[in-house]
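J.: give me the fold of what follows.
(one chain, ligands or ions: 5)
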Amino acid sequence: MKSWITLLLLLATSSQTYAALENRTCKSCHPVIFAEYQNSIHSKSSVYKDVVHKAVWDKHPAKAKGDYKCAKCHTPSDHDVMRGKSKLTDNEIQRTEPISCQQCHKIESVEKHTKANKNILTAKPKTFFSADKALKGTKVEFKEESSFFGMLKTKSGSPYHDIDYSNEGYYNGDSCMGCHSHKQNAKGFTVCDLEVKQGDSKESCISCHLPQVQGSLANQKESATHAFHGQSIHNSTPALLSKYIKLSMQENAKGFDIFIKNEATHTLFPQPLRLNQLRVSIERDGKSINLKTESFTRVIGTDGKPSMPWLADAIISDTTIKALETRVVKYKESLKKGDAIVVKFGYYVVNPKTAKKLEITDRSVTEFIVLSKKRFEIK
Ligand code: HEC
Ligand code: HEC
Ligand code: HEC
Ligand code: HEC
Ligand code: HEC
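T.: Ligands and ions are numbered 1, 2, ... in the order given. Reported below is the predicted structural model:
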């Protein structure tokens, strides 16, 4: 019996075909973007790299059936898993490019569904969508034109692929919404919803999360800047995004108010694992007095009690800060001349209580991360 199992296991692993890594070709011409991408969560969204995703998957009932439905958004570039040709296994794609460059750059449109949206990719080989306001609406095909019997060569476009600048989704962020809009569990309950509201904002998913930063976009094309590709709330992005959370303070007869202005066009930290907090302290006579901590969180559950996402069928409480909302938090402490109020707005990637239940101990996700911070002197 045992030898049969070993044989079957051997067969399963040896018949595994490893597709060529798609990002390797991009690396040679787009080294700066490629390097940034290595730090992004889009390169670490598999169970083999993201401890949080793994912890939830390990407890998920679908795991016992070996039905990794999460692939659609978390590892769409593992084509064998996507086509049902192979089960979820530890391989190079899972570890290095679960959401590859092409996976994003080939999204032609997004189909809307109640359970979760769906990405429709272009069938045209080597055609990537991108945004460039000056070239909007055009398609750039790679051309190498010879004249004077091949003595002079002029090049335009990319020497590897065609570029289509006409897709609106790469300007307004609709290309992100196949994976990022919302997700329901098997009970038809919405576990997560970004609740995007554009309002009067001039910003988009792309201007905020892929801002132009220094460094050329390609080797063969000297550009001063390129679109940032390292998006991750686990490490590098707080510094880029804190400017969209504006903190202010107003004294009144009873104490003071703290205003949190969310300029993001979506709910802040809607993921049910997150815990978003406002921490306020007063510095007085060389001492620091901590005031109450205010939490903003969406608790989901069953029968009035918090439960894991796959079991939940109701919202128990929701104090998350919505798109373009200004939240006011009131404090009853009266202030004195010479006081300083220190305000910190931040989050835990995983709520410490949930982290315990999920047995997650990784410090990068169990520590409080400060997103925005301000100090107000009382004169
Ligand atoms: C042989 C070099 C080369 C390779 C390989 C290559 N690119 Fe490019 N790519 C370029 C050059 C050069 C440009 C700039 C073209 C221009 O602006 O006319 C470019 C432009 C782009 C753009 C659009 C930039 C803009 O102006 O908005 C995207 C998107 C892109 N590449 C993605 C990729 C992806 C994804 C891969 C890997 C599958 C890849 N490239 C592989 C050379 C390359
Ligand atoms: C419709 C697309 C989609 C599907 C399907 C999906 N996810 Fe996700 N998941 C996302 C997106 C997008 C995020 C990031 C959301 C955010 O940070 O607000 C995410 C984040 C997560 C996180 C938080 C990760 C972290 O590092 O903090 C966990 C845990 C998670 N998903 C588990 C799962 C599991 C388990 C499945 C399959 C049973 C699954 N997801 C299926 C889109 C999806
Ligand atoms: C193919 C699906 C897919 C597409 C397309 C996609 N994302 Fe993601 N994104 C994810 C998943 C899955 C996660 C969470 C991964 C995890 O935590 O394990 C994520 C995480 C993020 C995060 C960080 C959240 C965190 O938990 O660290 C940001 C910010 C983000 N995406 C922005 C974007 C933007 C902006 C776009 C559009 C340009 C986009 N994404 C397109 C799947 C996608
Ligand atoms: C005005 C700027 C702005 C715009 C526009 C914006 N975001 Fe955000 N986004 C933020 C800020 C600020 C945060 C919270 C800071 C952080 O990630 O640490 C955030 C967080 C996120 C997260 C992480 C949430 C979590 O808890 O894991 C995802 C995913 C995300 N945004 C996706 C998007 C998508 C998709 C769009 C387009 C519909 C978008 N954002 C538009 C500013 C913006
Ligand atoms: C999460 C989706 C996503 C992933 C993954 C992704 N890109 Fe992009 N990329 C975009 C979007 C959206 C833009 C358009 C931003 C803009 O030009 O304003 C873009 C822009 C670009 C540009 C043009 C830069 C500029 O400043 O105009 C290049 C080149 C590029 N990407 C290459 C790559 C390469 C190479 C990889 C893999 C290492 C990659 N992208 C992975 C979404 C993605």
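
J.: next one: the one residue in the stretch 251-379 of the chain that gets nearest to ligand 1 relative to E203, how far apart?
T.: Using CB to the nearest ligand atom, the single residue of the stretch 251-379 of the chain nearest to ligand 1 is T265, 22.5 Å away. All C-beta atoms are positioned from the backbone trio N, CA, C, and that covers glycine. Separation of T265 from E203 (CB to CB, to the nearest Å): 7 Å.

J.: give the bridge partners for the residue nearest to H30 when sequence neighbours are not counted, please.
T.: Using CB to CB, 6 or more residues apart in numbering and skipping the chain neighbours, the partner closest in space to H30 is A218 (5.5 Å). Going by DSSP bridges, A218 is paired in beta bridges with K221.

J.: next secondary structure element downstream of the worst-scoring helix or strand of the chain on mean pLDDT?
T.: When each helix and strand of the chain is scored by mean pLDDT, DSSP states H and E, helix 2-14 comes last, with a mean of 43. Downstream of helix 2-14, the next assigned helix or strand under DSSP states H and E is helix 23-29.

J.: so which residues make contact with that following helix?
T.: 33-34, 37, 96-97, 100-101, 158-160, 218-220 (CB atoms under 8 Å, 6 or more residues apart in numbering).

J.: how about a cut-off of 7 Å?
T.: Contacts to helix 23-29, defined as CB atoms under 7 Å, 6 or more residues apart in numbering, come from residues F34, E97, S100, C101, Y160, A218, N219, Q220.

J.: can you check stretch 287-299 too?
T.: Contacts of stretch 287-299 (CB under 7 Å, 6+ apart): 270, 272, 274-282, 306, 315-321, 329, 331, 333.

J.: could you dump that stretch to PDB, C-alpha only?
T.: Output of stretch 287-299 as PDB, limited to C-alpha atoms (Å, rounded to 0.1, in the frame of the first residue of the first chain):
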ATOM      1  CA  LYS A 287       5.100  62.900  30.400                       C
ATOM      2  CA  SER A 288       3.000  61.100  27.800                       C
ATOM      3  CA  ILE A 289      -0.700  60.400  28.600                       C
ATOM      4  CA  ASN A 290      -2.300  57.800  26.300                       C
ATOM      5  CA  LEU A 291      -6.000  58.500  25.500                       C
ATOM      6  CA  LYS A 292      -8.500  56.000  24.300                       C
ATOM      7  CA  THR A 293      -7.700  54.100  21.100                       C
ATOM      8  CA  GLU A 294     -10.400  54.200  18.400                       C
ATOM      9  CA  SER A 295     -10.700  51.200  16.200                       C
ATOM     10  CA  PHE A 296     -12.200  51.100  12.600                       C
ATOM     11  CA  THR A 297     -13.000  47.600  11.600                       C
ATOM     12  CA  ARG A 298     -15.500  45.500   9.800                       C
ATOM     13  CA  VAL A 299     -16.400  42.400  11.900                       C
END
